[in-house]
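Novice: When you get a sec, could you give me coordinates for this:
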Amino acid sequence: MKSLKNILSQLLKALVAIGLIWLIISKTEFTFKEFVNILKGVNFWWYFPALVGVLIVLWLKSLRWNNLMKREGIFYDNKNAYKSYLTSYAIGLLTPGRFGEIVRVYYVRDLSEGGLFKAFQTVIADRFFDLYFVLGGGLLSYALMLQTNNIAFQWISVLIVLSGLLILWILLYFFRNQNKKHNFISFVYGSLYPITGLHSLKNWVFTALAYSIYFLQSYLIANALNFPIKLWEIAGVIIITSAVLLIPITWAGFGTRELSLVVLLAHWGISSESAMAFSLLQFVATFFIGGITGLVIWFSHPIPREALKKDYESIKQFLKFRKTTKTQNIND
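Specialist: Okay, here's the model as predicted:
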């Protein structure tokens, strides 16, 4: 029954992706011949340097994750942390949910300073840096690029982004003395606290650098297609698209990515064929290159499937147990 539910979920995501692609083709006068011609005209002197961008981005993010582990007393060398990050990235593309993150947990859980849930906390904290940056950057980009006449909305957006971490820090400060009394609160506290306060500045620098490289990579691809767009503009488009991709309605963002890019790039007079070509080239430069590299590392240093499933089920049972306990307390 459970496997059938997963199959139906993946099938639904595939249908949604196909539906969104059909929507683009039917509503924008998209022609396949023009799409092919645009791809034939790609300037590879601009595109080839973009292919290494994802490897630099993931390296910077692995340094951030390793820094989080060091704060927790988990010492793992940068080289192996990078390998773990690449492998996790590849497995995450091929599996539903966030199963790829469990790969990183597996690599460090058996270190003497580690442990399953302590390692998982560093992974969650690492993901929250990306989540906050994408949501905050997406809101600011939407306000500054698409709401140019709404000054009040722009200022409110800036205020929300700047005050968000402060509010989170205050809330965590309030729960600091309660987290030891409740396992789940303690787990959440330990996962979120690393992204706030002065101790988080180094990791925010890693995050900003990683996304700067990602934006530069996208700008190189835009230039390869001769787009009339500036670096800060393509950065805004990419961060808004990344925020949209957080909605898990399709597999690997297929369909939602293309629709977002078609709509956003139309503000610069860029055709749907060109936007779709950009999406394809970006997919190859990010997901394909990063995924292939991660899979090579995976096959050279494979992880037992049963061990991964065991960790995955342990984490699921922990979260399920806390949810069940909370429900029982309410009923009592």
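Novice: could you show me where the strands are in the stretch 151-300 of the chain, in order?
Specialist: Using DSSP state E, counting those that start in this stretch, no strands are found in the stretch 151-300 of the chain.
Novice: Just the pLDDT for the closest residue to Gln154 other than its chain neighbours.
Specialist: Spatial nearest neighbour of Gln154, chain neighbours left out: Ala143 (4.5 Å); criterion: Cβ to Cβ, 6 or more residues apart in numbering. Heads up, the C-betas are built off the backbone N, CA and C, glycines and all. With respect to pLDDT, Ala143 has a value of 87.
Novice: Using the three-state scheme, assign the residue nearest the centre of the chain.
Specialist: Geometric centre of the chain, nearest residue: Asp130, 6.1 Å, by Cα atoms, centre = their mean. Asp130 falls in the helix class when you classify it by DSSP: H, G, I helix; E, B strand; the rest coil.
Novice: ok, now which ones touch the residue nearest to Gln154?
Specialist: Neighbouring residues of Ala143 by Cβ atoms under 8 Å, 6 or more residues apart in numbering: 150, 153-154, 156-158.
Novice: right, and the residue nearest to the centre of the chain touches Ala208 too?
Specialist: No. Applying Cβ atoms under 8 Å as the test, Asp130 and Ala208 come out as separate, 11.5 Å apart.
Novice: Buried ones only from the contacts of Ala143, please, as a ChimeraX command.
Specialist: Filtering those down to the buried ones (16 or more other Cβ atoms under 10 Å) takes a single ChimeraX command:
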select :153,154,157
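Novice: ok, so of the contacts of Ala143, who is nearest Ile289?
Specialist: Ser157 (33.2 Å; Cβ to Cβ).
Novice: That closest one: what's its closest spatial neighbour, skipping adjacent residues?
Specialist: Nearest residue to Ser157, sequence neighbours excluded (Cβ to Cβ, 6+ apart): Ala143, at 3.9 Å.
Novice: what's the burial count for Ala243?
Specialist: 20 (other Cβ atoms under 10 Å).
Novice: where does Asn78 land on pLDDT?
Specialist: Per the predicted model, pLDDT is 90 at Asn78.
Novice: show me what contacts the closest residue to Ala222 other than its chain neighbours?
Specialist: Spatial nearest neighbour of Ala222, chain neighbours left out: Ile234 (5.1 Å); criterion: Cβ to Cβ, 6+ apart. Listed by Cβ under 8 Å, 6+ apart, the contact set of Ile234 reads 215, 218-219, 222, 227.
Novice: Would you mind listing where the stretch 151-300 of the chain has pLDDT under the threshold?
Specialist: 175-184 (pLDDT under 70).
Novice: Could you single out the nearest of the contacts of Ala143 to Phe117?
Specialist: Ser157 (35.5 Å).
Novice: Look up how far Trp298 lies from that closest one.
Specialist: 40 Å (Cβ to Cβ, to the nearest Å).
Novice: One more: Gly136?
Specialist: Gly136 is 32 Å from Trp298, where distance means Cβ to Cβ.
Novice: One more: Ser26?
Specialist: Note on Ser26: its distance to Trp298, by Cβ to Cβ, is 39 Å.
Novice: between those two, which one's more packed in?
Specialist: Taking other Cβ under 10 Å, Ser26 and Trp298 do not tie; Trp298 has more neighbours (19 against 9).
Novice: got a list of what Ile292 touches?
Specialist: Residues near Ile292 by Cβ under 8 Å, 6+ apart: Ala90.
Novice: do the same with Ile21
Specialist: Applying Cβ under 8 Å, 6+ apart to Ile21 gives the contacts 254-255, 258.
Novice: Filter these down to the buried ones.
Specialist: Buried positions within the contacts of Ile21, assessed by neighbour count (16+ other Cβ under 10 Å), are 254-255, 258.
Novice: so how far is stretch 139-155 from its chain's centroid?
Specialist: Stretch 139-155 sits 24 Å away from the centroid of its parent chain (Cα atoms, centre = their mean, to the nearest Å).
Novice: Using neighbour counts, pick out the buried residues of that stretch.
Specialist: 139-143, 145, 153-154.
Novice: Run through who's touching stretch 202-214.
Specialist: By Cβ under 8 Å, 6+ apart, stretch 202-214 touches 53-54, 56-57, 60-61, 63-64, 67-68, 129-130, 133, 137, 194-195, 238-239, 286.
Novice: just checking, which of these belong to helices?
Specialist: Applying DSSP state H to the contacts of stretch 202-214, the entries found in helices are 53-54, 56-57, 60-61, 63-64, 67-68, 129-130, 133, 137, 238-239.
Novice: which one of those is nearest Ala90?
Specialist: Val54 (11.2 Å).
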